[in-house]
Every structure is written in C-alpha cells, then in structure tokens.
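K.L.:
Quick one, fold the following:
(one chain, ligands or ions: 1)
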Amino acid sequence: MAEVRLGPQDLIWPLFLIEGENRVEPIATMPGVERLTVDRAVAAARDAQALGIPLLALFPATPPALKTEDGREALNPANLVCTAVRAIKAAVPDIGVMCDVALDPYTTHGHDGLLIDDRIANDATVAVLVQQALVQAEAGADVIAPSDMMDGRIGAIRQAMDRAGHEQVLIMAYAAKYASAFYGPFRDAVGSSGTLKGASKSTYQMDSANTDEALREVALDLGEGADMVMVKPGLPYLDIVSRVKREFALPTFAYQVSGEYAMIEAAAAAGCLDRDRAMLEALLCFRRAGADGILTYAAHRVAAALAR
Ligand code: PBG
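P.N.:
Residues are numbered from 1 along each chain as shown. Next up, the predicted model:
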C-alpha cells in the first residue's frame, strides 16, 4: 500500500575532500562523516556505485594558505575538487559527479561571493562563478550545482558551458536556498565557519519566512536554463519542496543539510531515538513531499540498510 518508496537511486552522497594521501579526518560536529583525501574519495565512489547511489557531490576543505579575499583557488584547474573529479571519473566512470559552484570554500571571509566594500557584489561574482563552473566541467563534472544564490548566474553559466562545448553538463540550481542556522556543521567541515565575516548570508540567501519567493526563485532559475532545482534545508522546508514540485512538475531535489544530519546523530547518541529508523523515516518523508532525490550525508549507510 506504500505510495512512495525510498531506494539508493534516490540518494546523492556529499563528500568532503582534503589534500594528502590515504588519510581521513573526523568532523567533530558531524559524527560518522569524515573528510577524505582524493584516493579515499575514489574508494568511496566505488562503494557508492556498489550500493546503487548514482551521484556524488564534492566539497573541498581548502587549506587556509590557499584561501584569498577573491577565492581565486576556485579557478585553479588543479585544485582539490577538480583533481578529485578527474580521479573519480577515471576509476569509476559510471558514477555521476556533481560540483558545487560558490566561493565560500576558497575565500578568507567565508562568503559565497566577492566582498566589495563589505557587500556581496552580485554581478562581479557571477563572472567568477562562470569561470569556476567551466573549470569543473572541464575536469569532467556531470552536474554543476550553483549554491551561491547570486541572481543571473544560471543563465550565464549555461551560456558559457554551451559555448565551451559542455552542452551535456546538467545544472542543478540551489534555487530555493534559505539563510539557515542548519548549515553550521557544514561550515566546520569545509573550514569556513571560523572565518565567516558578518553573521549571516541573508543578503543573498532567502528569508525563512517566505514561500512565494521560493517559487519566484525557482521560476527564474528554470527560465535561465536549470535542468533541476533544489530546496535547502530539507525537513523544516518540506512545504517548499511540495509546493515547488506541484507548481513546476520538474526534477526537484532536497538537501538534508549538515545540521539536520547532526540533530539525528546527537539525539541518537543521547539515547533519545533510534538513529537508523529516524534517518529512514526522515528520508521517506522527503519522498512523500515530492522530492525526486535527496542529498544526505547518510547516503551510504542508508543504501546499505535498504539493501539489507
Ligand atoms: C556553500 C554551501 C553551503 C552548503 C552547501 N553549499 C553552506 C552555506 O551556504 O553556508 C550547506 C550544506 C550543509 O549544511 O549540509 N555555498
């Protein structure tokens, strides 16, 4: 009688990357998640493929020495993300790889865009994001995922990728991304929390009070050429997922973000609930709300549990 199901094919697995070889680093605020060197990420890609997870999302923990005011390491074709994309696609050609487009892992101030006179400069940022997307597509990314929330970036990236011969590369727009406290552990994971200048990203990410605005954001990104859209965070925003899916009937994804993951882990560690059951239930609820796929840090664990 179940109306929706959850399977490994519905999951996207985000991985955090570090430089070096054969090394993993725990992330204090995300129990069970580790930063991986590129060789370990390749091993994770093999696991993902064996488990039936179709897509990985890569996030670099950039060494502080490579962070700059303008985040120029984002444009280095030999940076950590691009190196990982090449290694994963060479070793596991059938797994999909998605790359985040935003400058926060690379900037000293931790913002997703360029700071000019203490303000995020939308249009100057878009020009840099286009270059970042091209570098990632060149490395072999299958999906480009702009998470920066600048206006006009989807169209600019689509045009530039088409001109450069990357027509087949898909765009998953973080279309409705809210300025959220639930991103805290992620910022620890990529090392941008200590440096974030100004308390919030609320001049470019959305106000949690808004629903209609989410539809306008989605409509803009689709009009500019997004192939699929994402709502983020996930569980507290299932009404947005549901509304977007119903209004646009397009591939709609949701991100169970770091804070949501950490809440389940912390509650389970405190003996408040059953970790695996709570996780499976939360992910099934994403599907019920209309999400075609879910980004979750528990993807491998969940896929293994589903296989059992
Ligand atoms: C960066 C980015 C963030 C996340 C994904 N891409 C953080 C932010 O916007 O500050 C959050 C993911 C998570 O919390 O799991 N633009």
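K.L.:
which helix in the protein runs the most residues?
P.N.:
helix 122-139 (DSSP state H).
K.L.:
Can you tell me the closest non-neighbouring residue to the residue in the stretch 101-250 of the chain that the ligand sits nearest to?
P.N.:
For the stretch 101-250 of the chain, the residue closest to the ligand is residue 186, as judged by CB to the nearest ligand atom, at 3.2 Å. No exception for glycine: its C-beta is placed from N, CA and C like everyone else's. Leaving out its chain neighbours, the residue that sits closest to residue 186 by CB to CB, 6 or more residues apart in numbering is residue 258, at 3.9 Å.
K.L.:
which of the residues in stretch 272-282 are buried?
P.N.:
275, 278, 279, 280, 282 (16 or more other CB atoms under 10 Å).
K.L.:
What is the helix or strand where the third one lies packed up against?
P.N.:
Per DSSP states H and E: residue 279 is located in helix 275-289. Packing partners of helix 275-289 (3 or more CB pairs under 8 Å, 6 or more residues apart in numbering; DSSP states H and E): helix 238-248, helix 258-269, strand 293-295, helix 299-307.
K.L.:
Give me the contacts around that helix.
P.N.:
Helix 275-289 has contacts (CB atoms under 8 Å, 6 or more residues apart in numbering) with 3-6, 10-11, 234-235, 238-239, 241-242, 245, 254, 256, 260, 264-265, 267-268, 294, 296, 298, 301-302, 305-306.
K.L.:
Got a ChimeraX select line for the buried ones in those?
P.N.:
Selecting only the buried entries of the contacts of helix 275-289 in ChimeraX, with 16+ other CB under 10 Å as the criterion:
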select :6,10,11,234,235,238,241,242,245,254,256,260,264,265,268,294,296,298,301,302,306
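K.L.:
ok, back up a step: and the longest helix of the chain, how far from the chain's centre?
P.N.:
16 Å (CA atoms, centre = their mean, to the nearest Å).
K.L.:
Does it reach the ligand?
P.N.:
No - using CB under 6 Å from any ligand atom, helix 122-139 stays clear of the ligand, with a minimum separation of 10.8 Å.
K.L.:
list the buried ones in the helix or strand immediately after that helix in the chain?
P.N.:
Toward the C-terminus, helix 122-139 is succeeded by strand 143-146 as the next helix or strand (DSSP H and E). Buried residues in strand 143-146, counting neighbours by 16+ other CB under 10 Å, are found at 143, 144, 145, 146.
K.L.:
Name whatever forms a beta bridge with the first one.
P.N.:
On DSSP bridges, the residues paired with residue 143 through beta bridges are residue 98, residue 170.
K.L.:
now the helices: where do they sit in the stretch 51-200 of the chain?
P.N.:
Secondary structure of the stretch 51-200 of the chain by DSSP state H, counting those that start in this stretch: the helices cover 80-91, 122-139, 153-163, 184-189.
K.L.:
who wins for proximity to residue 224 among the ones you listed?
P.N.:
With CB to CB as the criterion, residue 224 lies closest to helix 153-163 of these, at 3.4 Å.
K.L.:
Can you tell me what sits against that closest one?
P.N.:
101, 125-127, 129-130, 133-134, 137, 144, 146, 167, 169, 171, 173, 220-221, 223-226.
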